[in-house]
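A.B. asks: What would the 3D arrangement of this be:
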Amino acid sequence: MSTAVSPPGSAVGGRPAPADPLRAWASPATWLGAAHLLLDVFFGVATCFLVLFGLFWSVVLLPFALLGVPVWMLTAWVSTGLGLIERTRHRLLLGVDIEAQPMPPTQRRPLRYAGALLRDPGVQRRMVHQVLAAPLGVLTSGIVYGLLAFGSTLLVMPVAVLVAGNDEAHLFGIPLASGTARGLLAGLGLVLLLVTPAVVRGLVSVDVAVARSLLGPVPGALAARVGELERSRARVVDSVEAERRRIERDLHDGTQQSLVSLAMTLGRAKARYRTEPEAVGDLLDDAHQQAKDAVVELRGLIRGLHPPVLSDRGLDAALPALAARCPVPVELTVDVPVRPPLAVESIGYFVVSEALTNVAKHSGAAYASVTVTESDRTLWITISDDGRGGADAAYGTGLRGLADRVSGVDGQLSVDSPAGGPTVLTVELPCR
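C.D. replies: From the prediction side, this is the model:
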């Protein structure tokens, strides 16, 4: 959004304002802009106090068992609410819509989430605006109040003295007995009142520019987001292509070979039936077993892609089979009161399947747990094991594949796996 100051006569904030001083005085934009600026000092002092109060206690309580961490998170959320109030005030009084910078996604670990809030540029810029709101509010409100008060006083006082007949009255040390002095003071008051709409227009433009730069989206965030989505799309395409090649390889090396062997066995049974009908029993038994083995292979392939029970009954019905097939004992907890979208369910199933496969193959764990919950329209999946640890998404192709698949729905994957274990894999999948 542009933060340029509106030229005279264009607009006060987002509302049209005439350039003619007399017409500007009758314009609602002038009065709404003046009201906004006069309220700046009250909102500025209140928001500055709340934010500085929260920051102060966040620092003071931090050494005491990290009590400052929840205070800091509460301060960040209070700052978000204050930013919403400020943007609403701009929209109602000035007709200016300021888009909000989204908060960082919530995380299950308080320390990690507190760190994300501390590093987030949107949180930092919003608090800077709220700390600066007090001195800026004093300045803008003081200027507008001074113009209105002094202009009105200079314009009205000489007339009031003339009507009262008080020849000994003084204003700012200037005797009001002289008609020339009264005329000069009244003229000065009129000039102050005539320039007030232009000053209000300029101050509102500056106020809007500051609010947009600090309360609005972080510059470059949209471009970075588009770039991340493009990279995510490329990773998803690569992941799907790799999955397609894997399926082709499994079909060619497994199921296709079984079906070819079955066809050859049936062909031998057919040829032998013409000469030795009573000797085809063994061949038919062999063909029957091969057919059952091919069906088992196909079922395993389908189950790894998208089992029918997942579509019919959801994750709480499909995941127990995965846990039961894992060679490592798995404690499964599924609490999903509202079924997520099918795409999210499929990715969640894939994540659990691949993670348990990695646990069985590489971790050396004796125990694993899987927890699936849903809150605030977000599906949380946590897979942990007591294995040797050392898993790193930057080096393991399996974890990179999971991250690519998760990023396809704007999800996030984090791995906490110190050497020696335990390993905790956390996946966040938005359900919107």
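A.B. asks: Count the residues that sit near V359.
C.D. replies: Residues near V359, counting by other C-beta atoms under 10 Å, number 26. In this view, the C-beta of every residue, glycine as well, is placed from N, C-alpha and C.
A.B. asks: any idea which element T426 lies in?
C.D. replies: Following DSSP states H and E, one finds T426 within strand 423-430.
A.B. asks: which helices and strands does that strand pack with?
C.D. replies: With contacts taken as 3 or more C-beta pairs under 8 Å, 6 or more residues apart in numbering; DSSP states H and E, strand 423-430 sits against helix 342-358, strand 378-385, helix 397-407, strand 412-416.
A.B. asks: any weak-confidence spans in this protein?
C.D. replies: Across the chain, the ranges flagged by pLDDT under 70 are 1-21, 107-108, 158-183, 220-258, 280, 283, 293-294, 296-308, 392-398, 432.
A.B. asks: Which parts of it are helices?
C.D. replies: 21-26, 28-61, 68-89, 110-119, 121-164, 179-215, 221-250, 256-275, 281-305, 308-313, 315-325, 342-358, 397-407 (DSSP state H).
A.B. asks: Please dump those into a markdown table; it should also carry mean neighbour count and distance to A391 for every row.
C.D. replies: Shown next, in a markdown table, are these (neighbours: other C-beta atoms under 10 Å; distance: least, C-beta to C-beta, whole Å):
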| stretch | mean neighbour count | distance to A391 |
| --- | --- | --- |
| helix 21-26 | 14 | 67 |
| helix 28-61 | 18 | 33 |
| helix 68-89 | 18 | 27 |
| helix 110-119 | 15 | 17 |
| helix 121-164 | 17 | 30 |
| helix 179-215 | 18 | 40 |
| helix 221-250 | 13 | 19 |
| helix 256-275 | 14 | 34 |
| helix 281-305 | 14 | 21 |
| helix 308-313 | 13 | 26 |
| helix 315-325 | 17 | 19 |
| helix 342-358 | 21 | 8 |
| helix 397-407 | 19 | 6 |
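A.B. asks: hmm, back to that, what strands line up against the strand holding T426, and which way round?
C.D. replies: Here strand 423-430 has these sheet partners by DSSP bridges: strand 378-385 (antiparallel), strand 412-416 (antiparallel).
A.B. asks: quick one: which of the helices and strands packed on strand 423-430 is nearest R23?
C.D. replies: Comparison of these against R23 by C-beta to C-beta identifies strand 378-385 as nearest, at 53.0 Å.
A.B. asks: Now the closest one: buried residues?
C.D. replies: Applying a neighbour-count criterion of 16 or more other C-beta atoms under 10 Å, one finds 378-385 buried in strand 378-385.
A.B. asks: just stretch 362-380 next, same as before
C.D. replies: Residues of stretch 362-380 classed as buried: 362-363, 365, 368-372, 374, 378-380 (neighbour count, 16+ other C-beta under 10 Å).
A.B. asks: thought L310 was touching S346?
C.D. replies: Yes: with contact defined as C-beta atoms under 8 Å, L310 reaches S346; the gap is 7.1 Å.
A.B. asks: pretty sure Y145 contacts A35?
C.D. replies: No: counting by C-beta under 8 Å, A35 is not a contact partner of Y145; they are 11.6 Å apart.
A.B. asks: picking that back up, now do the strand holding T426 against helix 342-358, angle only.
C.D. replies: Counting by axes from the mean of the first three to the mean of the last three C-alpha atoms, to 10 degrees, strand 423-430 lies at 170 degrees to helix 342-358.
A.B. asks: and strand 423-430, C-alpha only, in CSV?
C.D. replies: Backbone C-alpha positions of strand 423-430 (Å, rounded to 0.1, in the frame of the first residue of the first chain) are rendered in CSV as follows:
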residue,chain,number,x,y,z
THR,A,423,13.1,-38.0,18.4
VAL,A,424,10.0,-35.9,18.2
LEU,A,425,8.4,-35.1,14.8
THR,A,426,5.7,-32.4,14.9
VAL,A,427,3.5,-31.6,12.0
GLU,A,428,1.0,-28.8,11.7
LEU,A,429,-1.7,-29.0,8.9
PRO,A,430,-4.1,-26.2,8.5
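A.B. asks: what's that strand in contact with?
C.D. replies: 105, 107-108, 340, 344, 347-348, 351, 355, 363, 365, 377-385, 387, 389, 391, 399, 402, 406, 409-417 (C-beta atoms under 8 Å, 6 or more residues apart in numbering).
A.B. asks: how far is it from where the chain is centred?
C.D. replies: The chain centre lies 16 Å from the centre of strand 423-430; the measure is C-alpha atoms, centre = their mean, to the nearest Å.
A.B. asks: For this protein, identify the residue most remote from the centre.
C.D. replies: Within the chain, the residue lying farthest from the chain centre (C-alpha atoms, centre = their mean) is T275, at 75.1 Å.
A.B. asks: Would you check how far apart it and R268 are?
C.D. replies: Using C-beta to C-beta, to the nearest Å, we find T275 at a distance of 12 Å from R268.
A.B. asks: wouldn't D385 be in contact with K361 here?
C.D. replies: No: contact criterion C-beta under 8 Å: D385 and K361 do not qualify, at 11.6 Å.
A.B. asks: May I ask you to confirm that V60 is in contact with G68?
C.D. replies: Yes: counting by C-beta under 8 Å, G68 is a contact partner of V60 at 7.0 Å.
A.B. asks: As a markdown table, the strands paired with strand 423-430 with distance to S141 would be great.
C.D. replies: Listed next are those as a markdown table, based on distance: least, C-beta to C-beta, whole Å:
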| stretch | distance to S141 |
| --- | --- |
| strand 378-385 | 42 |
| strand 412-416 | 43 |
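A.B. asks: Is it correct that R126 is in contact with S213?
C.D. replies: No: contact criterion C-beta under 8 Å: R126 and S213 do not qualify, at 11.2 Å.
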